[in-house]
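Participant: Model the following, please.
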Amino acid sequence: MTVTKNLKPTGLAALAAGAMLALAACSPAAPDATSSSAATSSPASTTSTVTASASPTASPGTSATVGKLVEGFPEALIPVMPGATVISSSLDKAKQPATAALVASITAPTAAVVDFYTKHLEGQGFKAVPGDAVGAVASKDFVRNDNETVNVAVVEAAGVSTFTIGANAAVEPAK
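Facilitator: Presented below is the predicted three-dimensional model:
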């Protein structure tokens, strides 16, 4: 029996969520008021400088950005759905399979988002794992070659679907 037959949608969703959290931990730390040596409470001070240092766990193959696709993002593997707005993206190519994540929003129903990515991923040889939700959240998992996984999760509110896609997959064929 292969690994894909033992995987449960909730386990894959947890795996994808864990990967995204790990990538988030690799982004620069948020500065606080004590991290600035130039900022003062003196009225004579007209400017302040806050410098954040990179996380000590960040690796050379890891990058993340807000509001656009990070450089080198595997768009062939995870395209931005037409009409969607990118909220954030990340890529970790330090290990294989690589880890990529996309968060975006669109004024389309949840079913349209899931359908778009299902068709795209199945066209790349991914197989859908049974299950369509984790609790009240639409969540679909896909597996390819027993070691590549993708999770698509969508939350809809006020006519806007916000979706997160987490992938652990080879990015070289997707370039």
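
Participant: C-alpha only now, for contacts and for neighbours.
Facilitator: OK.

Participant: would you list every one of the helices in this structure?
Facilitator: Per DSSP state H, the chain carries helices over the ranges 3-6, 9-25, 110-123.

Participant: For the protein, give me the ranges with low pLDDT.
Facilitator: Regions of the chain meeting the criterion pLDDT under 70 cover residues 1-60, 172-175.

Participant: could you pull out the strands for it?
Facilitator: Along the chain, counting by DSSP state E, strands occupy 62-66, 85-92, 98-106, 127-128, 133-134, 137-144, 148-157, 160-169.

Participant: Export the ones you listed as a markdown table, with columns for distance to residue 116 and mean neighbour count.
Facilitator: Putting the strands of the chain into a markdown table (distance: least, CA to CA, whole Å; neighbours: other CA atoms under 10 Å) gives the following:
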| stretch | distance to residue 116 | mean neighbour count |
| --- | --- | --- |
| strand 62-66 | 23 | 18 |
| strand 85-92 | 15 | 22 |
| strand 98-106 | 12 | 24 |
| strand 127-128 | 13 | 18 |
| strand 133-134 | 16 | 16 |
| strand 137-144 | 12 | 22 |
| strand 148-157 | 11 | 22 |
| strand 160-169 | 12 | 23 |
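
Participant: now those as TSV including distance to residue 76?
Facilitator: Converted to TSV, these look like this (distance: least, CA to CA, whole Å):
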stretch	distance to residue 76
strand 62-66	18
strand 85-92	14
strand 98-106	12
strand 127-128	17
strand 133-134	25
strand 137-144	15
strand 148-157	14
strand 160-169	12
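
Participant: For residue 79, which of these is the nearest?
Facilitator: Smallest distance to residue 79 across the strands of the chain (CA to CA): 9.2 Å, for strand 98-106.

Participant: That closest one versus strand 62-66: what angle between them?
Facilitator: Strand 98-106 runs at 10 degrees relative to strand 62-66, counting by axes from the mean of the first three to the mean of the last three CA atoms, to 10 degrees.

Participant: Pairing partners for strand 98-106, with directions?
Facilitator: strand 85-92 (antiparallel), strand 160-169 (antiparallel) (DSSP bridges).

Participant: possible to save the ones you listed as CSV with distance to residue 67?
Facilitator: What follows is the strands paired with strand 98-106, written out as CSV (distance: least, CA to CA, whole Å):
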stretch, distance to residue 67
strand 85-92, 5
strand 160-169, 14
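
Participant: Noted, bye for now.
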